[in-house]
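Enquirer: Need a 3D model of the following:
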Amino acid sequence: MKLLLLSNSTAPGRRYLDHAKEEIRDALGGAADLLFVPYALADHDAYTAQVAAALEPLGIRVTGAHTAADPAAAVRAAGAVFVGGGNSFRLLKALHTFGLVAAIRERVGAGAPYLGSSAGTNMACPTLRTTNDMPIVQPPSFDALGLLPFQINPHYLDASPDRAHMGETRAQRLAQFLEENDVPVVGLREGTWLRRTDGSLTLGGTPAGAVVFRRGRQPEEVPTGHDLSELLTYEARFDRR
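Expert: Sure thing, here's the model as predicted:
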């Protein structure tokens, strides 16, 4: 299984996907045709055009899943699949509506590279329960693609003591998640990503690193380049009440 899971698709001062282009090129392994899943945003055509323009210099041809008469069949024939960011609830509802949950699992399980950013990274987890998004629609289930046995929190933000915001910090929200569910959560800071190749999992990107949250343990700072393969052996336990 080949996964590249970006915390974010746009870095400050850079164009869309610029910060990760070389990693994307390597992760796609020479695949020239990529199917983009644009359902996390409302304007599917504009979103697909943005991705196509960003990846054209890499020699990658991009097609939007929304243009196919049968999006699930398009996924099953894709050389690679990219699920873009936006609203995770809207995205997951569309994946269920168009039969893409099973189709993506099947295609990625057969060896096609999977690229995700933000909400698309959330979709690689067992559920969307560690998203930062507002539930603007209601998917039939919180169950996502399950390409990983643990959760990710993209765009992870550290608490800032000089802010006037008095709500829970991101770390406090993830601690609340772990009170109800026993599964690790990787907080991916901006500019970082996870790269999976079969049984190997590494943290890449900027030196910002990530934070791993586990039930009953203090959060663990993880440096960029760290081997996180042991997370692939975890058996997640979720509250299903």
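Enquirer: When you work out contacts or count neighbours from here on, use the C-alpha atoms and nothing else.
Expert: OK.
Enquirer: Spatially, what comes nearest to the spatially most central residue of the chain if we skip its sequence neighbours?
Expert: The centre of the chain sits closest to Thr121, judged by C-alpha atoms, centre = their mean, with a distance of 0.3 Å. Take Thr121 and drop its neighbours on the chain: the residue closest to it by C-alpha to C-alpha, 6 or more residues apart in numbering is Leu5, 5.1 Å away.
Enquirer: I'd guessed the one you found sits against Ala119; true?
Expert: No: Leu5 is not in contact with Ala119 according to C-alpha atoms under 8 Å; the separation is 9.8 Å.
Enquirer: just to revisit the earlier point, could you tell me which residues make contact with the residue nearest to the centre of the chain?
Expert: 5-7, 83, 85, 115, 152, 154 (C-alpha atoms under 8 Å, 6 or more residues apart in numbering).
Enquirer: For ChimeraX, what selects the buried ones among these?
Expert: The ChimeraX command for the buried members of the contacts of Thr121 (criterion: 16 or more other C-alpha atoms under 10 Å) is given here:
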select :5,6,7,83,85,115,152,154
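Enquirer: Let's see which of the contacts of Thr121 end up in strands.
Expert: Among the contacts of Thr121, DSSP state E puts 5-6, 83, 115, 152 in strands.
Enquirer: ok, so of these, who is nearest Arg195?
Expert: Relative to Arg195, the closest of these is Leu5; by C-alpha to C-alpha it sits at 6.4 Å.
Enquirer: Quick check: the gap between Val37 and Ala94.
Expert: 10 Å (C-alpha to C-alpha, to the nearest Å).
Enquirer: So between those two, which is more surrounded?
Expert: Val37 (27 against 19; other C-alpha atoms under 10 Å).
Enquirer: The more buried one contacts Gly64, correct?
Expert: Yes: under the criterion of C-alpha under 8 Å, Val37 makes contact with Gly64 at 6.1 Å.
Enquirer: Touching, Leu188 and Thr206? I think so.
Expert: No: contact between Leu188 and Thr206 fails when scored by C-alpha under 8 Å: they sit 10.6 Å apart.
Enquirer: So which of the two has more stuff around it?
Expert: In this view Leu188 and Thr206 are compared by other C-alpha under 10 Å, and Leu188 has more residues nearby, 29 against 17.
Enquirer: quick check, nearest of the ones in strands among the contacts of Thr121 to Asp239?
Expert: Nearest member of those to Asp239, counting by C-alpha to C-alpha, is Ile152, at 17.0 Å.
Enquirer: quick one: the strands in the chain?
Expert: Under DSSP E, the chain gives strands at 2-6, 33-37, 61-64, 81-83, 114-117, 151-153, 185-188, 192-197, 200-205, 210-213, 220-222.
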